[in-house]
Every structure is written in structure tokens, then in C-alpha cells.
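1. how would this look folded up:
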Amino acid sequence: MSYFDGFVVAVPKANKAAYLALAGMAAPIFAEFGMTRMVEAWEDDVPDGELTDFRRAVKATAEEAIVFSWCEYPDRATRDAANAKMHSDPRIAEMMDMPFDGKRMIYSGFAPLGPMPETIPAGYVNGCLIPVKTADRAAFEASAANIDAVFRDAGALRSTDGWGDDLMRGEVTDFLRAIAAEEGETCVFSIVEWPSKAAHDAGWPRIMADPRMPKPGDPMPFDGRRMVFGGFTPIFDTLTKTASAAE
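-> Next up, the predicted model:
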């Protein structure tokens, strides 16, 4: 079954080109180790939240942008083997002079709740971090399958929900702190890929009007007050084999 690592990074806006260069150097090495896709998406619409948000998740400053990123693998075994190789590969060690504060980068392994079908490169991405009690996994899966179908019918290319499977605890921050996790909760890393921002903007009114969507007051299998969400523009995708530092 497919697997992916999810990342959230605070990158100084002035270092965008350097960040892209780093991604370009790392991607072929990761692919050599079995990675099938890498996507780096730069913040476009990242709102402040009442309890949690992406900026607080990585303690971002006003001079930093949020990057929402993921690396896909055919299965967890391939991902685990790749990570082991990365830790010992001298080419990775040479890239440790990173254009961002690595102590505030959060990353972990996620198991998709459903198949990750092939897709064309996305032009826009919605990213979410969702606090879900492990005891409510079945209810969340049923709800996510319904909502994912709504997104696809509204024009999304792909909607993927990754269950927190290998959550790393960080010294400064991590995914559990990002969602202010309570006892017995994990983090779901959710990705919705759209053909373009225009398609995203046109699709959202259809989503909100869809009768399959939960209504205000309906019971939900997670605490929506602590859900972290935002909109991002892909700046690097190995499916395209190109990168763009354009603002």
C-alpha cells in the first residue's frame, strides 16, 4: 500500500530560490531510493486560526512563508529503507546547510486511508492537518470518503487523507503540537489537488452547496476548531520535472 512523508516548513521569503535549488538537488537522490513523487507548495492563502494554524505550527515569523510538502512512496517498507539510506548518504550530508530553520520543520509518515491514484501535476493545493481520536478512525474514514467524493465531483484532481502512522516528536514543534493534540489523538495530513487556483475557486461554492457535506451542528469525527488548513501553489513537482521561483 502507498505511503507518504508529509512536511510543513517555515522558509524565509528571501530564500525561495535557494529552497527550490535544494529541492532540485534532493529529488533525484530520493527517487534513487524509491520515492515516486515530491511536491513543494508555497503558501498562497494561509489564514490565522483561533486555536491553531500553519504559522503557529512551525512558529513562523512575518518574514517567512509556509511550505506544505510531501514525498510519495509505493509502501512504508520502501520509505523506511529510503530514510535509512538518506541518513548515511554523503550527498545528503552536503545539503545540510539549509535555507530554513530545520529545528522548526515538522515531518512524519502517513498511511493513506484509500488508494492514491495517479494524477496529473496539480496547479493548486489545499492542505489540512486534522486532529482525530484513534478510536474514531472508522468514523473518520467513512466521513473522509464521502467528503473526498464531493471534492472530486467539484473538480479536484485528487483528495488524499493520510493517517498519522509514524509521527515524529520534535524538540521545538511537531505535528501533534501543531493540532494541539489531546490524549488518544493522531494527526491526519490531508491533501486536495486542483488543476488550477481558478478551478479551486470555482469548486468551493459547489462543495459548500453539496448536500453530502456536513451541516453546521452535525456531529463530526474530529475537532474542527483545531483543524489547520490553507491554500498553496506548487512550486516544485517531480511529475513536471520543473521548478519555478516565480512569485
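2. Could you list everything Ile130 pairs with in the sheet?
-> Beta-bridge pairing of Ile130, defined through DSSP bridges, involves Val188.
3. what about it, how many neighbours?
-> 24 (other C-beta atoms under 10 Å). From N, CA and C alone the C-beta is placed, and that goes for glycine too.
4. That one and Ile179, how far apart?
-> Using C-beta to C-beta, to the nearest Å, Ile130 is found at 7 Å from Ile179.
5. now swap in Ile29 and tell me
-> In terms of C-beta to C-beta, Ile29 sits 31 Å off from Ile179.
6. Between these two, which is the more surrounded one?
-> Neighbour totals were compared for Ile29 and Ile179, and Ile179 leads with 26 against 16 (other C-beta under 10 Å).
7. which residues sit in contact with the more buried one?
-> Applying C-beta atoms under 8 Å, 6 or more residues apart in numbering to Ile179 gives the contacts 52, 57, 129-131, 185, 187, 226-228.
8. Please apply the same query to Ala65.
-> Residues in contact with Ala65 (C-beta under 8 Å, 6+ apart) are 10-13, 16, 42-43.
9. In terms of helices and strands, where is the residue nearest to Met105 when sequence neighbours are not counted?
-> Spatial nearest neighbour of Met105, excluding adjacent residues (C-beta to C-beta, 6 or more residues apart in numbering): Val9 at 4.7 Å. Here Val9, judged by DSSP states H and E, is contained in strand 3-12.
10. That strand packs against which elements?
-> Judged by 3 or more C-beta pairs under 8 Å, 6 or more residues apart in numbering; DSSP states H and E, the packing partners of strand 3-12 are helix 54-57, strand 64-73, helix 76-88, strand 106-112, strand 158-167, helix 175-178.
11. so where's this structure shaky on pLDDT?
-> Along the chain, segments meeting pLDDT under 70 span 241-247.
12. buried residues in stretch 85-99?
-> By 16 or more other C-beta atoms under 10 Å, the buried positions in stretch 85-99 come out as 86, 92, 99.
13. Nearest approach to Thr240 belongs to which of the helices and strands packed on strand 3-12?
-> strand 64-73 (14.5 Å; C-beta to C-beta).
14. The closest one to strand 158-167, inter-axis angle?
-> Angle of strand 64-73 versus strand 158-167, following axes from the mean of the first three to the mean of the last three C-alpha atoms, to 10 degrees, is 90 degrees.
15. Give me the angle between strand 64-73 and strand 106-112.
-> 40 degrees.
16. okay, the contacts of Ile179 in a markdown table with distance to Met213 next?
-> A markdown table is the format used below for those (distance: C-beta to C-beta, whole Å):
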| residue | distance to Met213 |
| --- | --- |
| Thr52 | 22 |
| Ala57 | 25 |
| Leu129 | 20 |
| Ile130 | 16 |
| Pro131 | 20 |
| Glu185 | 23 |
| Cys187 | 22 |
| Arg226 | 20 |
| Met227 | 15 |
| Val228 | 19 |
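17. Those residues: which two are farthest apart?
-> Farthest pair in the contacts of Ile179, by C-beta to C-beta: Ala57 and Glu185, 15.1 Å.
18. Now do the shared contacts for Ile130 and Ile179.
-> Common neighbours of Ile130 and Ile179 (C-beta under 8 Å, 6+ apart) are 187, 227-228.
19. Relative to Tyr124, which of these is nearest.
-> Among those, and counting by C-beta to C-beta, the member closest to Tyr124 is Val228, at 17.7 Å.
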